[in-house]
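Asker: A predicted structure for the sequence below; I have some questions about it.
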Amino acid sequence: MQYMMLYRPGHDDSAPPSEKEMTEMGKLIDEMMRDGVLIATGGLLPSSTGARVAIDGGKLTVTDGPFAEVKELIGGYAIVEAASKPEAIGRARRFLEVVGRGTCEVRPMFTPPDAGAAPGAHSCTQAGATV
């Protein structure tokens, strides 16, 4: 099963990672790729470069960053293959050991063969939208 891991650093620091941090993260990414469990990964720029798009009752609003609640900001993500939730949590723990701070939300991903598993669940592409 694939799991989405959403990393929240707990700050909105625009400073780039140190050379040591980049080296350690590179080692972890190489290890996960070699093991065949890393599907995708990426980091996000500070919230000051982004926007939030919302719709409520047909009214669309766009709010430019930066955003006040930095503890809720997503700083990066990874999609990993894991045989179980505990295995996915172990991968998140290893990631957090490398970065040294923050939180990582681990969630199983919806896939078409699981369609009957989550009543009412759908993806954006199933709803006709593309993101």
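Answerer: Structure's in. What do you need?

Asker: Only C-alpha atoms from now on, for both contacts and neighbour counts.
Answerer: Will do.

Asker: which non-adjacent residue is nearest Gly50?
Answerer: Gly65 (5.3 Å; C-alpha to C-alpha, 6 or more residues apart in numbering).

Asker: again with Leu28
Answerer: Phe95 (7.5 Å).

Asker: So which elements touch the one helix or strand that neighbour maps to?
Answerer: Using DSSP states H and E, Phe95 sits in helix 85-99. Applying 3 or more C-alpha pairs under 8 Å, 6 or more residues apart in numbering; DSSP states H and E, we find helix 85-99 packed against helix 19-34, strand 103-108.

Asker: Roughly how far does the residue nearest to Leu28 sit from Pro17?
Answerer: Relative to Pro17, Phe95 is positioned 14 Å away (C-alpha to C-alpha, to the nearest Å).

Asker: Between those two, which has more neighbouring residues?
Answerer: Between Phe95 and Pro17, counting by other C-alpha atoms under 10 Å, Phe95 is the more crowded of the two (21 against 12).

Asker: Hmm, Ile29 and that one touching each other?
Answerer: No - assessed by C-alpha atoms under 8 Å, Phe95 is found out of contact with Ile29, at 9.3 Å.

Asker: thinking again about what came up before, Leu6: which of the helices and strands packed on helix 85-99 is closest?
Answerer: Each of the helices and strands packed on helix 85-99 has some distance to Leu6 by C-alpha to C-alpha; the shortest is strand 103-108, at 5.0 Å.

Asker: what does that closest one rub up against?
Answerer: 1-10, 85, 88-89, 92, 96 (C-alpha atoms under 8 Å, 6 or more residues apart in numbering).

Asker: now, which of these sits nearest Met25?
Answerer: Closest to Met25, out of all of these and judged by C-alpha to C-alpha, is Leu96, at 10.2 Å.

Asker: So the closest residue to Ala78 other than its chain neighbours: helix, strand or coil?
Answerer: Nearest residue to Ala78, sequence neighbours excluded (C-alpha to C-alpha, 6+ apart): Thr41, at 4.1 Å. Secondary structure for Thr41, judged by DSSP: H, G, I helix; E, B strand; the rest coil, is strand.
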